[in-house]
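Q: Here is the input, now give the coordinates:
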Amino acid sequence: MDYQNILCAVENGIATITINRPKALNALNLDTVTELKDAIEKIAVDKAVKVVVITGAGEKSFVAGADIKEMATKTPAEGREWGQFGQNVFTEIENMPQPVIAAINGFCLGGGCELSCACDIRYAAENAKFGQPEVGLGITPGFGGTQRLTRVVGRGQAKELIYTGGMIGAEEAKAIGLVNKVVPQEELMPTVLKLAGKIAKNAPVAVQLSKAAINRGINCDVVTGIAYEAEVFGLCFSTNDQKEGMAAFVEKRKPTFEGK
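A: Predicted structure coming up:
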């Protein structure tokens, strides 16, 4: 697929996907979400990619939401179909084997906030603004916001953001656990890529199984979760990376992981 609305590049084991509609504040229309789906499905099966970064083009916006002009005339059935499509794509992002980092600059509203919540880690520039403004448009969040935002920041904080439709700044977002770190605008991508590089140096299978265990466990009781953890922990001992990692520790050298 030739991309018209996103950019995708891979370097040093890190895939960077950029939502590239700056004139529309990187709003998510059907074409953009379709291209995003295609890109993540290809990256998910690319063994050379260890970490994924998602960001928005320009300094004004990560993603300012879904494209209102495109949504305005939808019927109830079309609205439901659009919501399910966006939910499915964001669930694919959440379940990618590789860790996904959101590099958030400017507006991160509606579908943008929902996209960020589908990522594993969120770093924000100082100018970032977060919110779920959908109720002011007569709709609910539709791309998973009522579910993932609640799991990220807790029930009370999510309800306040969703019910009021208001915006919060980067520091407040950090205070409620919506973002991991806030940095100056010009330091955002260098800081995120440094984090991605640090993750990429570790054993890929172990990182991916850790992600799977966390995602599986958060949606079940702790007994079921730790049982799954025991399974993936044991599975690690079948990998070359486990042998290399422990041999390197004993031999006091840096390990060389191959993702096998």
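Q: center of this protein, which residue is that?
A: Nearest to the geometric centre of the chain sits residue 119, at 1.7 Å (C-alpha atoms, centre = their mean).
Q: nearest residue to it other than its sequence neighbours?
A: residue 102 (4.0 Å; C-beta to C-beta, 6 or more residues apart in numbering). Just so you know, the C-beta spots here come from the backbone N, C-alpha and C atoms, and that holds for glycine as well.
Q: and that neighbour, bridged to which residues?
A: residue 54, residue 122 (DSSP bridges).
Q: what stretches of the stretch 101-250 of the chain score poorly on pLDDT?
A: Of all residues in the stretch 101-250 of the chain, none has pLDDT under 70.
Q: How about the contacts made by residue 140?
A: Residue 140 sits next to 134, 146, 162 when contact means C-beta atoms under 8 Å, 6 or more residues apart in numbering.
Q: ok, now how distant is it from residue 238?
A: 45 Å (C-beta to C-beta, to the nearest Å).
Q: count of neighbours near the residue nearest to residue 119?
A: Number of residues near residue 102 (other C-beta atoms under 10 Å) recorded here: 28.
Q: is it true that it touches residue 55?
A: Yes - at 7.3 Å, residue 102 counts as touching residue 55 under the criterion of C-beta atoms under 8 Å.
Q: how near is residue 11 to residue 185?
A: 22 Å.
Q: In terms of neighbours, single out the busier of those two.
A: residue 185 (14 against 8).
Q: which parts of the helix or strand harbouring residue 172 are buried?
A: Assessed by DSSP states H and E, residue 172 sits inside helix 170-175. Across helix 170-175, burial judged by 16 or more other C-beta atoms under 10 Å covers 170, 173-174.
Q: Which helix or strand lies directly C-terminal to that helix?
A: strand 181-183.
Q: quick one: the helices in the stretch 51-200 of the chain?
A: 68-71, 76-94, 111-117, 145-153, 155-164, 170-175, 188-200 (DSSP state H, counting those that start in this stretch).
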